[in-house]
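Enquirer: build me a structure from this.
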Amino acid sequence: MKRLLLIATLVIAAIGTLAAQTGNKKQYRVYGVAFYNLENLFDTINNNGKYDLEYSPQGSRQWNTQKYRSKIHNLAYCITRMTSKTTPNGPAVIGVSEIENRSVLVDLTAEIDRILSQEGRQTWNLQIVHHDSPDRRGVDVSCLYNPRQFRFIDVTNSRLTIPGYETFRTRDQMCVTGILGGDTLSIIVNHWPSRLGGQEQSSYLREAAADLSKHIADSLWTLRPNQGVIVMGDLNDDPDDRSCAINLGANKKIDKTDTHSFYNPWWEMLDKGIGTLAYKGAWNLFDQIIISGTLLEKNNPDALQYWRCQVNNFEFLRDTEGTRQHYPKRTFAAGAYLDGYSDHFPTEVFLRKLVK
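Expert: Presented below is the predicted three-dimensional model:
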């Protein structure tokens, strides 16, 4: 009898230990935050003179309703694939660039819901934050968000000016602030100046853009020192370039990142040969989502925190032809219409919040 009682006691103790271990296992809710350069998402109407003529029925691209609708469908389909086991309803927030106006985003979000509905999935009802930038080509950055995951608070738009270059015009930086996982989060959506004229010769423009993003972040922290800040966009530079590494101060390693600096998870990814666009046979990773130290577990363990990142280089987004094989399948290449998606792969980070 004593032996039986001893065995029973040990079993009960083991069960209790197992329950305690199970009970102590941390549980998180996960949110996706994505960025996608939509590569010249223009409608068919020429609203910007010679700068817009290319994407009209009379222009060199012979851009018509059929091509436009196909582009909208392709991009929408890609976005509906941005799901995972932990984010079955897609990203909470998606920053986008190279869009002509709000109207193309209305068409895009409607097509996303049409595809989801057709597949028997819950529609996302993505909301649009848009602002007309002074960019000469007429392209803007914008933000889409799922109102069931992200509660929008406000938006500010900051203009990049270069002393001595009064005629310089590029995309404004859009700072969208809202509540994600119960915490305040600001997302600065960017499309930094291009490398036109050469990488080194144009670097000062992107360095100035990085300075502006850092200034916006510092201003946010003056008001709310513990809030999360994300700098995202097509930065037209890689993580190890001066604009990102020095001016913005985005570190390669988490342990080097203090509360009010930035961690760049894409640096090590590029080191592994993973990129978001290809040029002359080499990969670049311009499409970055850079994380503030306030979103790192070591600095703020009870708040919304960075978990992981990925390039959404889905198989269907890749070209299968000749020298372009495995590169992003774009809409046009060498003047030929490919009926593709974009010349950039989308990127995504995953943030998590401890469920208490």
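
Enquirer: in the protein, which strand is the longest?
Expert: With residue count as the measure and DSSP state E as the assignment, the chain has strand 28-41 as its longest strand.

Enquirer: residues contacting the next helix or strand after it, please?
Expert: Of the helices and strands lying after strand 28-41 in sequence (DSSP states H and E), the nearest is helix 65-80. With contacts defined as CB atoms under 8 Å, 6 or more residues apart in numbering, helix 65-80 is touched by 36, 38, 41-44, 61, 90, 94, 104, 107-108, 111-112, 114-116, 119, 121, 312, 314, 316-317, 331, 337, 339-342, 346. In this view, the C-beta of every residue, glycine as well, is placed from N, C-alpha and C.

Enquirer: which ones among the residues you listed map onto strands?
Expert: Per DSSP E, the subset of the contacts of helix 65-80 in strands is Tyr36, Leu38, Leu41, Ile94, Tyr337.

Enquirer: in CSV: those residues, plus neighbour count and distance to His215.
Expert: As requested, the ones in strands among the contacts of helix 65-80 are arranged in CSV below (neighbours: other CB atoms under 10 Å; distance: CB to CB, whole Å):
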residue, neighbour count, distance to His215
Tyr36, 27, 26
Leu38, 27, 27
Leu41, 26, 29
Ile94, 27, 25
Tyr337, 13, 42
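
Enquirer: any chance of those residues in TSV, plus distance to Pro134 and pLDDT?
Expert: Shown next, in TSV, are the ones in strands among the contacts of helix 65-80 (distance: CB to CB, whole Å; pLDDT from 0 to 100):
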residue	distance to Pro134	pLDDT
Tyr36	22	99
Leu38	19	98
Leu41	18	98
Ile94	23	99
Tyr337	30	96
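
Enquirer: the helices in the protein, which residues?
Expert: 2-24, 65-80, 102-118, 199-223, 242, 266-271 (DSSP state H).

Enquirer: which of the ones in strands among the contacts of helix 65-80 sits closest to Tyr51?
Expert: Leu41 (15.0 Å; CB to CB).

Enquirer: that closest one and Val96: what is the separation?
Expert: 8 Å (CB to CB, to the nearest Å).

Enquirer: now do Glu119
Expert: Counting by CB to CB, the gap from Glu119 to Val96 is 22 Å.

Enquirer: these two: which has the busier surroundings?
Expert: Higher neighbour count among Glu119 and Val96: Val96, with 28 against 8, using other CB atoms under 10 Å.

Enquirer: just checking, that one touches His130?
Expert: No: here Val96 does not reach His130: they are 9.6 Å apart, not a contact under CB atoms under 8 Å.

Enquirer: which residues do those two both contact?
Expert: With CB under 8 Å, 6+ apart, Val96 and His130 have common neighbours Leu105, Ser142, Cys143.

Enquirer: looking at the residues you listed, which is nearest Arg169?
Expert: Ser142 (17.6 Å).

Enquirer: now the closest one: closest residue in space, sequence neighbours ignored.
Expert: With CB to CB, 6 or more residues apart in numbering as the criterion, Ser142 has its nearest non-adjacent residue at 4.5 Å, and that residue is His130.

Enquirer: okay, now that neighbour: neighbour count?
Expert: When neighbours are counted by other CB under 10 Å, His130 comes out with 20.

Enquirer: so what's it up against?
Expert: Ile99, Asn101, Arg102, Leu105, Asp140, Ser142, Cys143.

Enquirer: next, the contact list for the second one, please.
Expert: The one in question is Asn101. Under the criterion of CB under 8 Å, 6+ apart, the neighbours of Asn101 are Asp43, Asn47, His130, Asp132, Asp140.

Enquirer: hmm, back to that, now tabulate the shared contacts of Val96 and His130 in CSV and tack on neighbour count and pLDDT.
Expert: Below are the shared contacts of Val96 and His130 laid out as CSV (neighbours: other CB atoms under 10 Å; pLDDT from 0 to 100):
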residue, neighbour count, pLDDT
Leu105, 24, 98
Ser142, 25, 98
Cys143, 26, 98
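
Enquirer: looking at those, which is nearest Tyr204?
Expert: Ser142 (26.4 Å).
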